[in-house]
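Student: Next one to model:
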Amino acid sequence: MEVDVVIRAITEAADNGKRNFKYILAILRNWKQNGIKTIVQVEDRERQRIEQKANSQQNGHNSQHQRTNVPIWSTEPVKTEQTT
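Tutor: Model (predicted):
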């Protein structure tokens with residue numbers, strides 16, 4: 001891997017509040033498993049991740065919105081009928 005890739009992994013770890021070598025190694029292993037070896041590939045991966053996240057939110061697939069303990073029936077409109 002390029003030196004810049006290792007520096008980016010250290011920066012990413014620090015940005016996530018993780019300042020230990022195991023976390024940095026995990027980032028580097030993940031990138032290696034995904035065939036990422038250059039800083040250009042790291043930047044492309046980050047750009048794709050951001051685009052996917054933006055597309056997901058635009059299409060209403062916000063994963064945080066879907067995670068809830070509220071039952072579906074509680075959000076459905078109430079049907080009212082008049083009785084005689």
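Student: Name the surrounding residues that touch the lengthiest helix in the chain.
Tutor: Assignment by DSSP state H gives helix 39-58 as the longest helix of the chain. Helix 39-58 has contacts (CB atoms under 8 Å, 6 or more residues apart in numbering) with 2, 4-5, 8, 31, 34-36, 62-63. Using the backbone N, CA and C atoms, a C-beta is placed for each residue, glycine as well.
Student: redo that, cut-off 7 Å
Tutor: Helix 39-58 has contacts (CB atoms under 7 Å, 6 or more residues apart in numbering) with 2, 4-5, 8, 31, 36, 62.
Student: and which of the residues you listed is nearest Asn69?
Tutor: Distance to Asn69 across the contacts of helix 39-58 (CB to CB) is lowest for Asn62, with 16.5 Å.
Student: shouldn't Leu28 be in contact with Arg8?
Tutor: No. Using CB atoms under 7 Å, Leu28 is not in contact with Arg8, being 9.7 Å away.
Student: Do you have the helices of this protein handy? List them.
Tutor: Using DSSP H, the helices found in the chain span residues 3-15, 21-33, 39-58, 63-66.
Student: mean pLDDT for those helices: which is lowest?
Tutor: Of all those, the minimum mean pLDDT falls on helix 63-66 (a mean of 53).
Student: hang on, the earlier thing: for the helices of the chain, give me JSON lines that also has mean neighbour count.
Tutor: Converted to JSON lines, these look like this (neighbours: other CB atoms under 10 Å):
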{"stretch": "helix 3-15", "mean neighbour count": "15"}
{"stretch": "helix 21-33", "mean neighbour count": "14"}
{"stretch": "helix 39-58", "mean neighbour count": "12"}
{"stretch": "helix 63-66", "mean neighbour count": "8"}
